[in-house]
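Q: quick one: sequence plus predicted model below, questions after.
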Amino acid sequence: MIKRYIALLLSAALITAVFSGCSGKINTPVIKKQKVETTAQSKVDTSSFRLSYSMADSLDPYETETLNNQVIQTLVYDSLFILDENYEAVPSVAESYVYTSPEKLVVKLKTGLKFSDGSNIAAENIEYSFIKAKESPHWASTLSIFSRIEVESAYEVTFHLNSPDPEAHKLLTFAIARMKPNKQGFKIGSGRYKFTEAEGSVALVKNEYYSDFNPKFAKINLVNITSNESIENAINIGNISYAYLDLSEGSKTKILSASKTVNLNNLVYIGIYCKNGITENKNIRRAINLAVNRDALVKSAYRGYATPAKSIFNPVTSLSKKTQIFETTSDLNAAKQAIEASGYSRDRLKLTLLTDKSEGKKATANLVKQQLEAAGFTVNLRVMSSAGYKEYVRDGYYDIYIGETKLKGDMSLYGFFSSDGATHHGIDTDSKTAKSYRAYMRGKKEIGSFILKFTQEMPFVPLLYRQGMICYTKSLQGDMQGYDGNYFSNIEDWYYN
């Protein structure tokens with residue numbers, strides 16, 4: 001009988017052959033904006049549309065910490081690039097980019113763009129914004145791969161990288177602002193709206209310098225609502241018009257409004273202690289991968305708000321479509337064959353599975369325990385507080401754990417394969433897989449070579465990518481095209497009956 005885990009290696013080898021002919025040329029994608037015809041209402045609306053924000057948090061894009069305020073700021077501040085629904089970079093303030101070396105990225109700016117006060121956007125504004133963003137709670141991690149910025153001319157800047165990354169331009173999504181705030185103390189952006197305040201109430205008003213932008217909602221009123229549960233209640237009863245929920249802790253309230261799922265770059269995975277114990281054996285790690293049923297995890301643990309991982313990478317990306325190596329259902333026969341190849345007897349197939357108390361991860365851990373036990377493992381499940389869980393993961397008190405990480409826009413896996421990476425726990429960062437990944441990022445190996453090494457060693461097990469939700473009142477009309485990072489992508493086409 002041909003063993004399933006051997007078949008996986010052969011398919012990965014085929015991937016290597018396919019990718020060996022791929023070009024390294026970087027193309028700048030073009031996004032086509034879909035227009036929606038609206039005949040119902042042409043009158044400008046200055047009172048109906050309302051969004052939630054956190055009064056206790058700053059509205060300064062470089063100081064804000066809450067998702068609530070970060071979502072709103074996408075209406076106020078532009079960036080060099082935005083990412084489309086497939087996480088491809090689309091130039092915004094940037095006109096073009098080129099990698100002049102593996103660690104130098106040159107970006108040219110569009111000319112003629114203005115801030116909401118009428119001043120021009122120039123390279124000095126990019127420099128100021130980059131420095132502020134690199135120190136901010138929101139963008140510090142995303143921009144950590146960049147060492148510095150250099151102004152080349154009025155409309156050209158160079159970003160210097162700490163290590164090669166051919167997709168680093170996808171990380172340049174930080175808010176661009178003027179150094180000097182307006183008279184009300186708000187940072188000045190170049191987005192579709194700008195902040196204003198009157199009699200203690202904060203609102204967004206249309207930016208008159210934003211070309212070809214004629215929304216029905218010339219003013220958006222902001223309502224102080226902080227917790228996720230309160231936001232869900234507010235959208236249900238109509239106190240706010242629109243909200244984005246990342247569902248990181250699940251949805252405790254039944255959503256009664258209209259809604260749309262949003263693909264996220266949040267990978268849920270099984271972390272594995274690869275350095276000693278039973279899980280040091282690569283056949284045991286393969287058996288764990290073969291035993292999991294990703295479809296069941298999506299349906300049960302995440303109530304359908306997720307997509308099974310057929311690849312290491314996000315299912316909506318072109319990279320994922322080219323590197324699909326995982327089945328979405330379990331193969332217990334192949335898992336048992338892998339266990340047999342490991343040489344471990346049944347009485348030694350004992351695993352400690354670690355998770356925290358968050359709804360999704362706890363439910364995932366319970367299902368993974370059942371799936372692994374069906375393959376012949378004995379699993380001791382430990383459910384811990386968030387602080388205890390982080391400490392145990394850091395110190396290696398587990399065989400496997402349920403983890404979640406939000407990958408950056410460049411889809412970098414450095415977090416797993418670098419000694420200072422946030423998710424490297426338990427992984428041998430000197431393994432063949434880690435070395436192959438770093439060689440791929442330097443342009444010295446094709447991605448197929450990395451995928452082959454990954455399937456051979458299985459340093460962790462990708463399970464699924466989570467989804468979020470956009471909610472809006474049923475009376476709000478228009479094709480809601482919002483997505484992760486660009487929640488109001490076609491707000492100019494929305495209107496009330």
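A: Thanks, I have it. Numbering: from 1, shown residues only.
Q: check the gap between the residue nearest the centre of the chain and Gly238 for me.
A: Taking CA atoms, centre = their mean, the centroid of the chain lies closest to Asn265, which sits 2.9 Å from it. To Gly238, Asn265 is 31 Å away according to CB to CB, to the nearest Å. C-beta coordinates here come from the backbone N, C-alpha and C atoms, glycine included.
Q: could you do Gly304 as well?
A: In terms of CB to CB, Gly304 sits 26 Å off from Gly238.
Q: settle it for me: which of the two has more neighbours?
A: In this view Gly304 and Gly238 are compared by other CB atoms under 10 Å, and Gly238 has more residues nearby, 13 against 10.
Q: who touches that one in this structure?
A: Thr473 (CB atoms under 8 Å, 6 or more residues apart in numbering).
Q: any idea which helix or strand carries Tyr437?
A: Tyr437 is part of helix 432-441 when elements are defined by DSSP states H and E.
Q: touching that helix from outside, list them.
A: So helix 432-441 is contacted by 163-166, 412-414, 416-418, 427-428, 445-447, 449-450, 452-454, 456-457, 459 (CB under 8 Å, 6+ apart).
Q: from those, list just the buried residues.
A: The neighbour count (16 or more other CB atoms under 10 Å) marks 164-166, 412-414, 416-418, 427, 445-447, 449-450, 452-454, 456-457, 459 as buried among these.
Q: following the chain onward from the longest strand that the chain contains, which element is next?
A: Determined from DSSP state E, the single longest strand within the chain is strand 258-272. Where DSSP H and E defines the elements, the next helix or strand beyond strand 258-272 is helix 282-291.
Q: avg pLDDT for that next one?
A: In this model, helix 282-291 has an average pLDDT of 98.
Q: and the next helix or strand past that helix?
A: helix 294-296.
Q: which helix or strand lies directly C-terminal to that next one?
A: Moving toward the C-terminus from helix 294-296, the next helix or strand (DSSP H and E) is strand 306-308.
Q: now that next one: average pLDDT?
A: Mean pLDDT, computed over strand 306-308, is 97.
Q: mind checking how far it is from the chain centre?
A: 14 Å (CA atoms, centre = their mean, to the nearest Å).
Q: what helices or strands is it leaning on?
A: Other elements packing on strand 306-308 under the criterion 3 or more CB pairs under 8 Å, 6 or more residues apart in numbering; DSSP states H and E are strand 460-472.
Q: what lines up beside the next helix-or-strand element following the strand it packs on in the sheet?
A: Later in the chain than strand 460-472, the nearest helix or strand by DSSP H and E is strand 476-477. Using DSSP bridges, the strands paired with strand 476-477 are strand 495-496 (antiparallel).
Q: what's the mean pLDDT across the partner strand?
A: Averaged across strand 495-496, pLDDT comes to 92.
Q: who touches the residue nearest to the centre of the chain in this structure?
A: 87, 314, 406-409, 411, 465, 484.
Q: re earlier: relative to strand 460-472, how tilted is the helix holding Tyr437?
A: Between helix 432-441 and strand 460-472, the angle comes out at 60 degrees (axes from the mean of the first three to the mean of the last three CA atoms, to 10 degrees).
Q: buried ones in helix 432-441?
A: Counting neighbours by 16+ other CB under 10 Å, the buried set in helix 432-441 is 432-434, 436-438, 440-441.
Q: equivalent analysis for stretch 176-192, please.
A: 176-178, 186-192.
Q: restricted to strands, list those residues.
A: Using DSSP E, none of the buried residues of stretch 176-192 sit in strands.
Q: widest-spaced pair of the residues you listed?
A: Farthest pair in the buried residues of stretch 176-192 (CB to CB) is Arg178 and Arg192. Separation: 16.5 Å.
Q: hang on, the earlier thing: and the contacts of Asn265, which are buried?
A: Buried by 16+ other CB under 10 Å: 87, 314, 407-409, 411, 465, 484, out of the contacts of Asn265.
Q: shouldn't Asn233 be within a helix?
A: Yes: secondary structure assignment places Asn233 in a helix (DSSP: H, G, I helix; E, B strand; the rest coil).
Q: so Leu222: helix, strand or coil?
A: Once three-state DSSP is applied, Leu222 turns out strand.
Q: shouldn't it be in contact with Asp57?
A: No: the pair Leu222 / Asp57 is not scored as a contact, 12.0 Å apart, by CB atoms under 8 Å.
Q: neighbour count winner among these two?
A: The neighbour count for Leu222 versus Asp57, taken as other CB under 10 Å, is higher for Leu222 (22 against 16).
Q: how close does Tyr487 sit to Leu51?
A: Distance, Tyr487 to Leu51, by CB to CB: 10 Å.
Q: and Tyr465, by the same measure?
A: Counting by CB to CB - Tyr465 and Leu51 are separated by 27 Å.
Q: which residues does the host helix or strand of Val205 contact?
A: Following DSSP H and E, the helix or strand that holds Val205 is strand 201-206. By CB under 8 Å, 6+ apart, the residues outside strand 201-206 that reach it are 51, 53, 55, 59, 72, 75-76, 192-197, 213, 215, 218-222.
Q: same check, this time on stretch 214-221
A: With contacts defined as CB under 8 Å, 6+ apart, stretch 214-221 is touched by 38, 41-51, 75, 192-193, 201, 203-206, 491-492, 494-496.
Q: what do you get for stretch 163-172?
A: 24, 26, 79-81, 83, 87-89, 94, 97, 99, 102-103, 105, 107, 142-143, 145-146, 159, 161, 408-412, 414, 441-443.
Q: pLDDT averaged over it - what is it?
A: Stretch 163-172 shows a mean pLDDT of 96.
Q: ends of it, how far apart?
A: 16 Å (CA to CA, to the nearest Å).
Q: any idea of the pLDDT on Thr38?
A: Taking Thr38 on its own, its pLDDT is 39.
Q: what segments of the stretch 351-497 of the chain are helices?
A: Here the stretch 351-497 of the chain has its helices, by DSSP state H, counting those that start in this stretch, at 359-374, 386-395, 414-417, 432-441, 447-457.
Q: make TSV out of those helices and add mean pLDDT.
A: Formatted as TSV, those follow (pLDDT from 0 to 100):
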stretch	mean pLDDT
helix 359-374	97
helix 386-395	96
helix 414-417	96
helix 432-441	96
helix 447-457	97
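Q: mind listing what Ala291 touches?
A: Contacts of Ala291 by CB under 8 Å, 6+ apart are 330-332, 335, 371-372, 374-375, 377.
Q: again, only this time at 10 Å
A: Contact analysis of Ala291 by CB atoms under 10 Å, 6 or more residues apart in numbering lists 330-332, 334-336, 338-339, 368, 370-377, 461.
Q: which strand residues bridge Ile402?
A: With DSSP bridges as the rule, Ile402 is bridged to Ile270.
Q: if we can go back for a sec, quick one: buried ones out of the contacts of stretch 163-172?
A: By 16+ other CB under 10 Å, these give 79-81, 83, 87-89, 94, 97, 99, 102-103, 105, 107, 142-143, 145-146, 159, 161, 408-412, 414, 441 as buried.
Q: re earlier: please narrow the contacts of strand 201-206 to those residing in helices.
A: Using DSSP state H, the subset of those located in helices is Ile72.
Q: emit the ChimeraX select command for whichever of the contacts of strand 201-206 are buried.
A: Buried subset of these, written as a ChimeraX selection, criterion 16+ other CB under 10 Å:
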select :51,53,59,72,75,76,192,193,194,195,215,218,219,220,221,222
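Q: keep only those of the contacts of strand 201-206 that are in strands.
A: 51, 53, 193-197, 219-222.
Q: make a markdown table out of those and add distance to Ile272 and pLDDT.
A: As requested, the ones in strands among the contacts of strand 201-206 are exported to a markdown table (distance: CB to CB, whole Å; pLDDT from 0 to 100):
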| residue | distance to Ile272 | pLDDT |
| --- | --- | --- |
| Leu51 | 42 | 97 |
| Tyr53 | 41 | 96 |
| Tyr193 | 46 | 98 |
| Lys194 | 49 | 98 |
| Phe195 | 47 | 98 |
| Thr196 | 52 | 96 |
| Glu197 | 51 | 94 |
| Lys219 | 52 | 96 |
| Ile220 | 47 | 96 |
| Asn221 | 49 | 96 |
| Leu222 | 45 | 96 |
